[in-house]
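Asker: Just a sequence and a predicted model for now, questions to come.
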Amino acid sequence: MRLCDIGEFGFIDRIAPMGLIRPEHVVRGIGDDCAVIELDDVNCLLITTDLLVERVHFQRSWSTAHILGRKALAVNVSDIAACGGIPRDAFVSIAVPGHIELEWLESFYQGMTSLAGEFDINVLGGDTTRSRSDLVINVALTGVVPRDEVLLRNTAQPGDIIVLTGPTGQSAAGCEILLHQHQIPDSLADPLTKAHLDPRPHVKEGRFLATCHCCSAAIDVSDGLSSDLGHICSQSGTGALLCEDKIPLTEALSSACRHMGRDPLDLALHGGEDYVLIATIKEASLSRLEDEAKHQGIDLFPIGILQEKPGIEIVRRSGITEAVPPRGWNHFTKTSE
Ligand code: ADP
Ligand code: MG
């Protein structure tokens with residue numbers, strides 16, 4: 001058997017039970033956006049790590065070293081946000097092919113520390129080694145969150161309302177524009193390519209959800225709405241019913257999709273790397289939360305409801321209900337886009 005037979009998540013499910021040797025103080029190990037460890041009676045430590053590999057996750061020709069440095073840290077900050085936490089200290093390891101210039105690496109660090117400055121994060125260590133071909137970047141990041149505010153994937157319930165903190169599909173459209181060099185006016189392409197190259201982690205939104213005491217679960221959109229909502233559903237033992245009418249589609253996404261001959265709903269449901277949050281909210285608290293969000297300048301888009309029936313479904317504009325098979329990014333499976 002090879003990894004492509006079971007996929008990234010099948011592999012993680014197989015190794016997860018092996019990891020827990022010393023369970024005391026571990027609130028959550030393998031399986032969530034961050035590991036969650038009790039620090040004291042009040043606070044938990046969050047730890048997350050992400051690997052970026054040249055030609056798998058990024059092309060150096062698509063952006064500057066500065067922007068890539070920002071993204072390498074941002075994807076980790078997003079996992080801290082998904083758990084409701086405040087990011088703290090980063091560790092950065094790089095495997096560098098011999099042909100990369102020192103100026104490029106310094107610019108990469110300047111980009112990374114510019115994002116670190118925006119979120120008050122230290123870079124406290126890492127490792128540097130030689131690579132034979134591609135550039136490999138690993139960032140590990142810690143964060144903190146009060147124990148009673150931590151947001152997990154496995155705590156949602158049927159009847160909870162599914163909300164997004166921003167539109168999805170933007171990053172996938174931007175990636176497609178970069179990949180296929182579609183001739184699209186800059187005014188349409190720029191917000192989409194920016195969403196892909198320089199995403200904003202939703203820390204403010206994560207703290208808002210963590211402190212509202214009506215958010216039952218959360219995850220960030222790294223692999224795609226269908227895939228990441230699927231993690232909340234499978235881990236919480238629920239299904240989900242989405243409403244096509246409620247899925248936010250930006251004007252830039254819709255117009256760019258017309259140019260590219262793509263379906264914007266398809267990108268919004270299955271495109272990855274938007275780094276907005278999916279959260280589930282107790283229905284009785286939704287309108288209060290929407291008022292508070294508006295007051296604080298936070299976007300909340302209710303897009304559906306969790307249901308007992310397993311799997312994800314969508315009510316189309318026509319009134320017909322269809323199944324939505326999870327089809328976001330999954331390394332190793334034959335269905336990866
Ligand atoms: P995210 O997309 O939020 O970064 P992933 O899908 O990458 O999350 O990972 C899901 C879970 O599996 C996380 O808890 C992560 O730490 C864990 N994980 C992923 N790969 C490995 C691995 N090789 N060994 C141990 N844990 C892993
Ligand atoms: Mg995540």
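Answerer: Nice, I can see it. Ligands and ions are numbered 1, 2, ... in the order given.
Asker: residue contacts, the residue of the stretch 101-250 of the chain found nearest ligand 1?
Answerer: Using Cβ to the nearest ligand atom, the closest approach of the stretch 101-250 of the chain to ligand 1 is made by residue 222 at 4.1 Å. To be clear about C-beta, it is placed using only N, CA and C from the backbone, and glycine gets the same treatment. With contact taken as Cβ atoms under 8 Å, 6 or more residues apart in numbering, residue 222 is in contact with 75, 78, 228, 272, 273, 275, 329.
Asker: Mind checking which of the residues you listed land in helices?
Answerer: Counted as lying in helices by DSSP state H, out of those, are 75, 78, 228.
Asker: OK, contacts around the spatially closest residue to the first one that is not a sequence neighbour?
Answerer: Leaving out its chain neighbours, the residue that sits closest to residue 75 by Cβ to Cβ, 6 or more residues apart in numbering is residue 50, at 4.9 Å. Residue 50 sits next to 72, 75, 76, 79, 138, 139 when contact means Cβ under 8 Å, 6+ apart.
Asker: thinking again about what came up before, pLDDT added to the contacts of residue 222, as a markdown table?
Answerer: Shown next, in a markdown table, are those (pLDDT from 0 to 100):
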| residue | pLDDT |
| --- | --- |
| 75 | 97 |
| 78 | 98 |
| 228 | 97 |
| 272 | 95 |
| 273 | 96 |
| 275 | 98 |
| 329 | 65 |
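Asker: Okay, now stretch 177-190: how far is its last residue from its first?
Answerer: In stretch 177-190, first residue to last residue: 10 Å (Cα to Cα, to the nearest Å).
Asker: tell me which element the residue of the chain found nearest ligand 2 is part of?
Answerer: Going by Cβ to the ion, ligand 2 is nearest to residue 33 of the chain, at 3.7 Å. Taking DSSP states H and E as the definition, one finds residue 33 inside no helix or strand.
Asker: Pull up the gap between it and residue 277, please.
Answerer: 10 Å (Cβ to Cβ, to the nearest Å).
Asker: and if you look at residue 261?
Answerer: The gap separating residue 261 from residue 277 is 30 Å, by Cβ to Cβ.
Asker: Common neighbours of residue 33 and residue 277, please.
Answerer: Joint contacts of residue 33 and residue 277 (Cβ under 8 Å, 6+ apart) are 82, 219, 220.
Asker: Report pLDDT for the nearest residue to the last one once chain neighbours are set aside.
Answerer: What sits nearest to residue 220 in space, not counting adjacent residues and going by Cβ to Cβ, 6+ apart, is residue 82, at 4.0 Å. Looking at residue 82, its pLDDT stands at 98.
Asker: now residue 23
Answerer: 92.
Asker: Likewise for residue 311?
Answerer: pLDDT at residue 311 comes out at 97.
Asker: which residues sit in contact with residue 87?
Answerer: Counted by Cβ under 8 Å, 6+ apart, residue 87 has contacts 76, 77, 80, 81, 119, 120, 121, 141, 142, 143, 203.
Asker: Pull out the buried positions in the host helix or strand of the residue nearest to residue 75.
Answerer: Assigned by DSSP H and E, residue 50 belongs to strand 43-53. Buried residues in strand 43-53, counted by 16 or more other Cβ atoms under 10 Å: 43, 44, 45, 46, 47, 48, 50, 52.
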